[in-house]
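Trainee: Quick check, what structure comes out for this input:
(chains A and B)
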Number of protein chains: 2
Amino acid sequence: MKKKFFKVITRAKALSLFDTISLKDKERIITKESLGRILGSTITAPCNVPNFDRSTMDGYAVIADDTYGSSESSPVTLIVKDEVVMGRKADMRIQKGEGVVIPTGGMIPQGADAVVMIENTKRKGELIAIKKAVAPLENIVEKGSDIKKGDLLLEEGRIIRAQDLGVLYSCGIEEIDVFKKPRVSIISTGDELVSPEMKPKPGEIRGINTYTLYALTERYGGEPVDLGIAKDSMNEIKELIEIGISKSDIIVISGGSSVGTKDITLDCITAFNGSDVLANGLALKPGKPTILAKIDNKPVIGLPGHPVSCMVIFYLILKPLILKMMSYKERFGDKTSIRAMVSQNIPSVSGREEYIRVRLKEENGAVWAEPVPGGSGVISSLSRADGLVRIDLESEGVEKGEMVDVLFM
Amino acid sequence: MKKKFFKVITRAKALSLFDTISLKDKERIITKESLGRILGSTITAPCNVPNFDRSTMDGYAVIADDTYGSSESSPVTLIVKDEVVMGRKADMRIQKGEGVVIPTGGMIPQGADAVVMIENTKRKGELIAIKKAVAPLENIVEKGSDIKKGDLLLEEGRIIRAQDLGVLYSCGIEEIDVFKKPRVSIISTGDELVSPEMKPKPGEIRGINTYTLYALTERYGGEPVDLGIAKDSMNEIKELIEIGISKSDIIVISGGSSVGTKDITLDCITAFNGSDVLANGLALKPGKPTILAKIDNKPVIGLPGHPVSCMVIFYLILKPLILKMMSYKERFGDKTSIRAMVSQNIPSVSGREEYIRVRLKEENGAVWAEPVPGGSGVISSLSRADGLVRIDLESEGVEKGEMVDVLFM
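Mentor: I've put the predicted structure just below:
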């Protein structure tokens, strides 16, 4: 039984329809190569950092109690016993009345519990005058004070940043689990389309959506697979969908999803056994003619052919879907939006979300969002825009001076 | 003549010292592979987009004048002459009183100047009743209306985004000039350091700065070269600096730049003919013990060994330097900072800039920046932090509730 319907749903509803799509498997990779990947398991520290007590100063490791009462005018004298060598084990054991030469970062010898800065000492042969008392642990970084064995280091679902590599290697974690990248097959359809590398003849245009979707998929953590351009033929499109299903986790078909004479994407999807059309149309603009379906429980998304609509739907539907399959949890620092003031009234129609392309500029200490002219067919507006302003489903627009969130694009 | 001095300079001054460093060369690459690269020349459109007049509707291409006065009750009747096929040249020429079937996206035939939507027509054999008048250019996208031949498309120095690829390919631009990536050689120094892949013996620690610097360099558009770890030996360090100079555009030496017994980076730099020490110390915290120098007019930067200071200086000095060598011009959408409210008083010392690691959280509709505890030796603080708050050179701190810029890290 195939459903064929034209029910328009909201973006929020659309995203919830894919809640049952399962997480990607994990793979084990070298930590060094994990920048930007999404962590597949929560990691706790397998050891202490540092894993020995270290000096934070050049000076003398001592027993703090020995320095009690010492001052510039009445220094305490200790015997210099030995020297800690940087990067080597401090083998000696300090006794009462003794001091050991130690460099910054050197290992504190057994028995010592403080370091006197070299500036507060005066050396005479084997004797050292301590001109300032130190408290226990003064000028020492204790074992485990940075990271304690068992500490939570990084949580599953986090994007791995440069500093996270440092933290992982400081504990000697050389391999980690990350979520595999969802593979996204990209199909463009349309009799009028030619590959962007070809010179179009009159009546033909270059099909650029494949390249845009390819780049966006890579940028947001997926692995794009370019399946090329299909003519508006059921057989050609079905064949590519079939390849997509066998090769990837998500299938994207750009073009052919509006209700018109040649709009056969929906027919192609419903022709598959195990297909399930979840929605045909979204209550938003641009991007209304979007199809959401599943074949063999894999998301199949029919995107509008207009480049602007196509890109907006990528940001609103595909990006969250790709990230969700990797169990991604947003950190604040990953935020890709900014608050700005609208530079002019923007009317909208209640009952659908609207996304306005805007250019951002700073003036008089405020950030302004200025609408970029052009309909959803205007490709060049995408390069002129810095981001998207959302106008709520129930809103009839925003007024000049109103504060809005701008999603970077 | 070697200068050896301990003059502390401000960050602004430090950045200006590299003003004479020359731009990187350009290279020509396939447009598809240019995502995230920096454009090496300003690009204007070599053609019109679209390059023919197109219909935005399924319907009939007509002469607008013919439909004048037509309405539901008194339709005008035209003769259906021919059909425009999608993706093909519209070879026919329309005459007064004629209409041509046209699909959305189809090429407007010669002589026609408007399209009547199919919904506003009624077909009877070779005749078509027009039930609504159209104005000239109605339902037509004119040749060049998206992009006009000669229009400015993208400016030199811009980061290339996904949509920019689309815009470039829409004009058939398959190759572009981008700035070559500055090569950054990374040297770590310290007798106590072992490679992060090795298990440190007592007294040794893992040298993680190389990996962090490597990842950061890649992320901000440079090409990192890992030259490994040198012991605190003039010969070893000088040898690696020499390799760095022969192989790369910037040389970074982590560790060994504070004033101490084993701090020999400065001596190694001044040992080179053609070396010029620009600064020894920056008026900021963390990161004061930073050396800025040039050898053969290539920047040589001595970074503090403490992981936090090392990373902060990367963001403040190295990132701008790498981007400057590619003539990078920031777009607003590239902005990597956010306004936030400070969650507690943060005291500071006037006379140096201070950078505070903070965690960001959203509460009661406001974004709060909460200081992360830990000195510049605390590696784990880097993973806990979302960004850096700057406290001005002349400021004695910020107060709870004050608004600040947080630079993402």
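Trainee: Surely A:Q110 and A:E98 touch.
Mentor: No: A:Q110 lies out of contact with A:E98 (CB atoms under 8 Å); the separation is 11.7 Å. C-betas here are computed from N, CA, C, even on glycine.
Trainee: Those two: which is more packed in?
Mentor: A:E98 (22 against 12; other CB atoms under 10 Å in any protein chain shown).
Trainee: what does the model give the closest residue to the more buried one other than its chain neighbours for pLDDT?
Mentor: Nearest non-adjacent residue to A:E98, counting by CB to CB, 6 or more residues apart in numbering or on different chains: A:K81, 4.4 Å away. According to the prediction, A:K81 has pLDDT 92.
Trainee: isn't there a strand covering A:K81?
Mentor: Yes: under DSSP: H, G, I helix; E, B strand; the rest coil, A:K81 sits within a strand.
Trainee: got the contact list for it?
Mentor: A:M92, A:I94, A:Q95, A:E98, A:G99, A:V100 (CB atoms under 8 Å, 6 or more residues apart in numbering or on different chains).
Trainee: quick one: the closest residue to the third one other than its chain neighbours from chain B, how far?
Mentor: By the measure of CB to CB, 6+ apart, the closest residue to A:Q95 outside its immediate chain neighbours is A:G111, 6.7 Å from it. Counting by CB to the nearest CB, to the nearest Å, the separation of A:G111 from chain B is 15 Å.
Trainee: tally of neighbours for A:G111?
Mentor: 16.
Trainee: Point out where chain A drops to low pLDDT.
Mentor: Within chain A, the ranges that satisfy pLDDT under 70 run A:1-6, A:256-263, A:333-335.
Trainee: Which strand runs longest in it?
Mentor: strand A:353-363 (DSSP state E).
Trainee: Packing partners of the helix ranked longest in chain A?
Mentor: Ranked by residue count under DSSP state H, the longest helix found in chain A is helix A:234-247. Here helix A:234-247 touches strand A:183-189, strand A:223-230, strand A:250-254, helix A:265-270, strand A:298-303, going by 3 or more CB pairs under 8 Å, 6 or more residues apart in numbering or on different chains; DSSP states H and E.
Trainee: any bit of the last one sitting next to chain B?
Mentor: To tie it back to what came earlier, the one meant is strand A:298-303. No: counting by CB under 8 Å from any CB of the partner chain, chain B has no neighbours in strand A:298-303; the shortest distance is 13.3 Å.
Trainee: follow-up on the earlier one: take the contacts of A:K81 and lay them out in TSV including secondary structure and distance to B:V378.
Mentor: Formatted as TSV, these follow (DSSP: H, G, I helix; E, B strand; the rest coil; distance: CB to CB, whole Å):
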residue	secondary structure	distance to B:V378
A:M92	coil	28
A:I94	coil	27
A:Q95	coil	32
A:E98	strand	31
A:G99	strand	28
A:V100	strand	26
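Trainee: Drop anything exposed from the residues you listed.
Mentor: By neighbour count, with 16 or more other CB atoms under 10 Å in any protein chain shown, the contacts of A:K81 hold A:M92, A:I94, A:E98, A:G99, A:V100 as buried.
Trainee: Am I right that the second one is in contact with A:V115?
Mentor: Same thing as A:I94. No: A:I94 lies out of contact with A:V115 (CB under 8 Å); the separation is 11.4 Å.
Trainee: Now do the shared contacts for those two.
Mentor: Joint contacts of A:I94 and A:V115 (CB under 8 Å, 6+ apart) are A:A61, A:V62.
Trainee: So which residues of the stretch 251-400 of chain A form strands?
Mentor: A:275-280, A:284-285, A:291-295, A:298-303, A:337-342, A:346-347, A:353-363, A:366-371, A:387-391, A:397-398 (DSSP state E, counting those that start in this stretch).
Trainee: of all the ones you listed, which lies closest to A:G87?
Mentor: strand A:337-342 (46.7 Å; CB to CB).
Trainee: what does the closest one contact?
Mentor: A:358, A:360, A:366-369, A:387, A:389, A:398-408, B:335, B:338-339.
Trainee: Looks to me like A:K32 is in a strand.
Mentor: No: looking at A:K32 with three-state DSSP, it is helix, so not inside a strand.
Trainee: give me every residue that touches the residue nearest to it when sequence neighbours are not counted.
Mentor: Leaving aside its sequence neighbours, A:K32 sits nearest to B:Y211 (CB to CB, 6+ apart; 6.1 Å). Residues near B:Y211 by CB under 8 Å, 6+ apart: A:K32, A:L165, A:G166, A:Y169, B:P196.
Trainee: Swap in 10 Å and give it another go.
Mentor: A:31-32, A:35, A:162, A:165-166, A:168-170, B:186, B:188, B:195-196, B:224, B:226 (CB atoms under 10 Å, 6 or more residues apart in numbering or on different chains).
Trainee: Kindly calculate the angle that the longest helix of chain A makes with strand A:183-189.
Mentor: Counting by axes from the mean of the first three to the mean of the last three CA atoms, to 10 degrees, helix A:234-247 lies at 170 degrees to strand A:183-189.
Trainee: List the buried residues for helix A:234-247?
Mentor: A:E236, A:I237, A:K238, A:L240, A:I241, A:I243, A:G244, A:I245.
Trainee: still on that earlier bit, tell me which of the helices and strands packed on helix A:234-247 sits nearest to A:V62.
Mentor: Here strand A:223-230 is closest among the helices and strands packed on helix A:234-247 (CB to CB), at 58.8 Å.
Trainee: Give me the distance between A:P320 and B:I338.
Mentor: To B:I338, A:P320 is 21 Å away according to CB to CB, to the nearest Å.
Trainee: So if I had to pick from those two, which one is more boxed in?
Mentor: B:I338 (21 against 16).
Trainee: Specify the beta-bridge partners of the more buried one.
Mentor: Taking DSSP bridges as the rule, B:I338 bridges to B:V406.
Trainee: Mark out where each domain of chain A begins and ends.
Mentor: A:11-25+A:181-324, A:31-49+A:145-179, A:54-141, A:333-408 (automatic domain parsing).
Trainee: Spatially nearest residue to A:N139 (excluding sequence neighbours)?
Mentor: A:V115 (3.8 Å).
Trainee: That neighbour falls within a strand, correct?
Mentor: Yes: counting by three-state DSSP, A:V115 falls inside a strand.
Trainee: Quick check: it touching A:A90?
Mentor: No: A:V115 is beyond contact range of A:A90, at 12.0 Å (criterion: CB atoms under 10 Å).
Trainee: which residues do the two both contact?
Mentor: Joint contacts of A:V115 and A:A90 (CB under 10 Å, 6+ apart) are A:D53, A:S55, A:A61, A:V100, A:I102, A:G106, A:I108.
Trainee: check those against chain B, which are close?
Mentor: A:G106 (CB under 10 Å from any CB of the partner chain).
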